[in-house]
Structure formats: structure tokens, C-alpha cells
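1. Please find the sequence and the predicted model below.
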Amino acid sequence: MIEIDRERLWRDIETLAGFTRPDTPWTRRAFSPEYDTARRWLKAAFVEAGLAVELDAAANIIGRRAGSEPGLPPLVTGSHTDTVPAGGRFDGIAGVLASLAFARALEASGTTLRHPLEVIDFLSEEPSDFGVSSIGSRAFAGKLSAEQLAMTDPSGETLAAAIARVGGAPAALAEPLRRMGDTAAYVELHIEQGRVLERAALPIGVVDHIVGIRRLSLVVTGRADHAGATPMDARFDALAGAAKVITAVETLANAMNGKPHYVVATVGKISVSPNAANAVAGRVEMILDLRAGSNDVLTDFPELLMTRCDLGALGFEIAPISTAPVTDCAPEVMAAIAAAADRLGLGHRTLTSGAGHDAVNAAFTGPTGMIFIPCREGRSHVPEEWSTPEQLYDGARVLAETLLALDQSL
Ligand code: GLV
Ligand code: MN
Ligand code: MN
């Protein structure tokens, strides 16, 4: 009998969430000292749960439990342990710790699956200081490019150097670490980060697809000048131009959304130069985060944006940073999740993920699905992010039941 230890799971959430920058809860940025401490704690917890721990070339932490049938690919589960700045206590770690709870339950009951089980803490899922997100799972699927490995953070460190610093081997990342068929199935539990489940008063969401995400750099160039001595008709104000761009992004996304696809677009990061109260801005760099239920929208949006921004004599350039296509979850994994919830007497519905996940990349290695649990008011990427012990426990039980069923059926 597999029993998830509800109290232990909750205690683990409190412990792992507690590895935060003390001045800015809940912040555990990838590659930071807090992240390093948290991951050392996690490795020890994996070992205690009977998992053999290794770091792959992308510095993903992999806890492995052997299966009974030689030659079968692993069932893989997990998520990430990094956070956005001033983020929440559940985004990411809920999935890692629910997976750990399953491994612990197998160990406690002496259960051996047919397939090996792998619990993975993927490196750096949130947009990192290098401008790339889902670093570990991208590399897992062979989607971390040489250009991305060469990107630098504000201190000048390259992503490749940072991966090496945390124990990875960036030179080995030109090839995929896993290929299609290397994973029997990948199942990730995550908080919903929206209000669909809460509104429907349902404990379980079965994800049907994950939106595609494109990140683009938007650069407006003008000319830095004295804010007092430069007349209004002699300015090339890059920040005034950037304001027009941001408004155009919002207008365009509003116009495209629901016709028929889900479309959202956000400029959430901006850097102004020289960024002085008494200087006209000469250059503005922004990051556009574009998400849609259609790959065509992701492709067409930048050109449409360009045609809608009349910036006069200012320069305006759009350059791609990263693209993750729309990801369809595998019908057999979705069915296994729904059946598991049914067996446990837990209500469920299908829903779409507007957030990106490591599952997007895992889907390049085998059939993939996601289990969502509700979070209060749908809020996430904020310190108020919250799910209850009961919601987490229900999700962990569905994860365990799903993996047990897939172990038999695959
Ligand atoms: C990941 O949290 C995302 O940005 O969707
Ligand atoms: Mn997140
Ligand atoms: Mn997440």
C-alpha cells in the first residue's frame, strides 16, 4: 500500500521554501547561495528516500530508483526549485516535493516499480539573470543553444560558466541529454497559477496543453541629452518611444486574444539608459513575454507590432531570445491522471496552462502530462501565493496513483 505522508510533505514545503533571501521572501534565484543550500538539502532528502542521486550535464538533480524490468525507460517526475524575485512558496517546489513524497512512499512500503523512477529538480526554470528560462529541461531535450550558453548575466558570467559552477558540464550540452523514447512518461505536479480550479471548487486539474512562449528583446534607441537644455522639438527620447511600444503591445494582444486563441503579452522588464532624472533617455531595452495557444500567433506578433509602432526618427529593433512552442499533453497521460483522480474520489477538469513548465521540454523525450492543484485566488509569482496542505496532499496522491497506473500500462 502506497501512503503519501501528508505531514512530512507539508514540512518539506516549509523547509525548502525557507531557503530564501531573508530580505525578500520568497526568493531563491537559480545559481544563488540560497539555491545552492536548498539543493544540497534536497540531495540529502533524495538519498534518505532511497534514491540514487546524480547531477547530469545540465546540473539537473536526478534521484533514481531502480525498476524490476531490465531495459525499460524511466518514469520521470519532478519540477524546479528556483523562484522569481519575491515569488511564492509553491511554484516549482510543490512538484519536486510531491514527487519526493512518492519516492519515499515506495521506499517505506518496499515497492519496486517495473520502470525505474526518476525524480528531477530541473535547473533554473524561471527566467534567469542570463535571460534564458527552463535551462535544465531545455538542455535535457537538447534545446539549449550555443548562443544561449554564451549569454551573460549582469556580472558578466556566461551561462555556460554558471552551469559549470553548479556542477554541470556545459560542453556536453550540444547533444540532447535525452531523446524521444528515453522517458516512459513524464508527469509534473504544479500549482495552477490561475483561478479555474478555485472557481469550480475542484481539487485537480488535468492539463490539456501548455501555451507557447516567445521572449523577444525590444530595443528603442534615441539620443541621450540634457533634460533641461534640450527643447522638446529637438529630442530623440527613447523612453517616450518605449512607452508607445508598451502600449502597442497591450493593444495588439487585446485585439488578438480570443480570436480564437488565448493571447497574452507582457513587457515586465525594462532597462533605461542613462536612467537619470535629468537626462533624456538614449536607449531602452525591454523584454516582451508573449504567450499564445497558437504557434502562428507567436510567429506573426513581432511583425504586427513593428507595423503598429510609429516611432518617428527613433530606432526600434525586435530580436528573438527564446521560443517554446505550444505543447500538447499526451492523451494517455491525461487519461491516467483523470482515472487516478476518479479512483481517489477527487473531482477534476481539463484546463490549459498559461504558464511555462519544464514539462514543455520533457515532452520532447516521451508522453507528458501535468497535474494542477488550486492556489488561493489564482495568485502566483507573488509572496501571497498559497495552497493548503489538503490541496497539496490531494495532488500528491493523484501523482502517485497516476505513476503507479502508468507503471503497469506502459
Ligand atoms: C514560469 O513560471 C512562467 O513564466 O510561466
Ligand atoms: Mn514560475
Ligand atoms: Mn513553475
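-> Yes, it's here. Ligands and ions are numbered 1, 2, ... in the order given.
2. tell me the helices in the chain, going along the chain?
-> Using DSSP state H, the helices of the chain run over 6-17, 33-48, 93-109, 135-140, 146-149, 159-165, 196-200, 238-256, 295-308, 331-343, 359-362, 389-409.
3. Just say which of those is most tucked in.
-> Highest mean neighbour count of those: helix 135-140, a mean of 31 (counted as mean count of other Cβ atoms under 10 Å). (Glycine included, C-beta is placed from N, CA and C.)
4. does ligand 3 sit close to that helix?
-> No: judged by Cβ under 5 Å from the ion, helix 135-140 stays clear of ligand 3, getting no closer than 10.9 Å.
5. any residue of that helix up close to ligand 1?
-> No: if you take Cβ under 6 Å from any ligand atom as the test, helix 135-140 misses ligand 1, and the best it gets is 11.6 Å.
6. pretty sure residue 360 is touching residue 140, no?
-> No: between residue 360 and residue 140 there is no contact under Cβ atoms under 8 Å: 10.9 Å.
7. contacting residues for residue 384?
-> Contacts for residue 384 were tallied using Cβ atoms under 8 Å, 6 or more residues apart in numbering; they are 88, 376-377.
8. quick one, phi/psi of the residue in the stretch 1-150 of the chain positioned nearest to ligand 1?
-> Residue of the stretch 1-150 of the chain nearest ligand 1, by Cβ to the nearest ligand atom: residue 126 (5.6 Å). Main-chain torsions, residue 126, degrees, to the nearest 10: phi -70, psi 160.
9. Near it, how many other residues are there?
-> By other Cβ atoms under 10 Å, 20 other residues sit near residue 126.
10. Please apply the same query to residue 258.
-> Neighbour tally, residue 258, other Cβ under 10 Å: 9.
11. residues contacting it?
-> Contacts of residue 258 (Cβ under 8 Å, 6+ apart): none.
12. distance of it from ligand 3?
-> Counting by Cβ to the ion, to the nearest Å, the gap from residue 258 to ligand 3 is 25 Å.
13. Residues of this protein that sit close to ligand 1?
-> 126, 355-356.
14. re the thing from before, and the gap between the residue of the stretch 1-150 of the chain closest to ligand 1 and ligand 3?
-> From residue 126 across to ligand 3, the span is 7 Å (Cβ to the ion).
15. Check residue 330 too.
-> 20 Å.
16. Same question for residue 57.
-> 22 Å.
17. Start at 663, not 1
-> Sure, I'll start numbering at 663, so the last one becomes residue 719.
18. Kindly present the helices of the chain as a markdown table, with separate columns for mean pLDDT.
-> Shown next, in a markdown table, are those (pLDDT from 0 to 100):
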| stretch | mean pLDDT |
| --- | --- |
| helix 668-679 | 98 |
| helix 695-710 | 98 |
| helix 755-771 | 99 |
| helix 797-802 | 98 |
| helix 808-811 | 96 |
| helix 821-827 | 98 |
| helix 858-862 | 97 |
| helix 900-918 | 98 |
| helix 957-970 | 98 |
| helix 993-1005 | 98 |
| helix 1021-1024 | 98 |
| helix 1051-1071 | 98 |
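19. so which of those gets nearest residue 939?
-> helix 900-918 (11.9 Å; Cβ to Cβ).
20. which helices and strands sit right next to the closest one?
-> With contacts taken as 3 or more Cβ pairs under 8 Å, 6 or more residues apart in numbering; DSSP states H and E, helix 900-918 sits against strand 874-883, strand 925-935, strand 945-954, helix 957-970.
21. Could you give the separation of the third one from the chain centroid?
-> Taking Cα atoms, centre = their mean, to the nearest Å, one finds strand 945-954 lying 17 Å from the centre of the chain it belongs to.
22. Likewise for the second one?
-> From the chain centre to the centre of strand 925-935 is a distance of 18 Å (Cα atoms, centre = their mean).
23. List the neighbours of that strand that are in contact with it.
-> Residues contacting strand 925-935 (Cβ under 8 Å, 6+ apart): 880, 886, 900-901, 904, 907-908, 911-912, 914-915, 918-919, 943-955, 959, 963, 1016.
24. what does the model give the residue of the stretch 663-812 of the chain closest to ligand 1 for pLDDT?
-> Predicted confidence (pLDDT) at residue 788: the value is 98.
25. That one and residue 745 touch, don't they?
-> Yes: at 6.4 Å, residue 788 counts as touching residue 745 under the criterion of Cβ under 8 Å.
26. which neighbours do those two share?
-> The overlap between the contact sets of residue 788 and residue 745 (Cβ under 8 Å, 6+ apart) consists of 691, 754.
27. Return the residues of the stretch 713-862 of the chain in contact with ligand 3.
-> Going by Cβ under 5 Å from the ion, the residues of the stretch 713-862 of the chain near ligand 3 are 753-754.
28. For the stretch 713-862 of the chain, just list every one of the strands.
-> 714-717, 723-727, 737-742, 779-784, 847-853 (DSSP state E, counting those that start in this stretch).
29. now those in JSON lines, with mean pLDDT?
-> Below are those laid out as JSON lines (pLDDT from 0 to 100):
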{"stretch": "strand 714-717", "mean pLDDT": "98"}
{"stretch": "strand 723-727", "mean pLDDT": "99"}
{"stretch": "strand 737-742", "mean pLDDT": "99"}
{"stretch": "strand 779-784", "mean pLDDT": "99"}
{"stretch": "strand 847-853", "mean pLDDT": "99"}
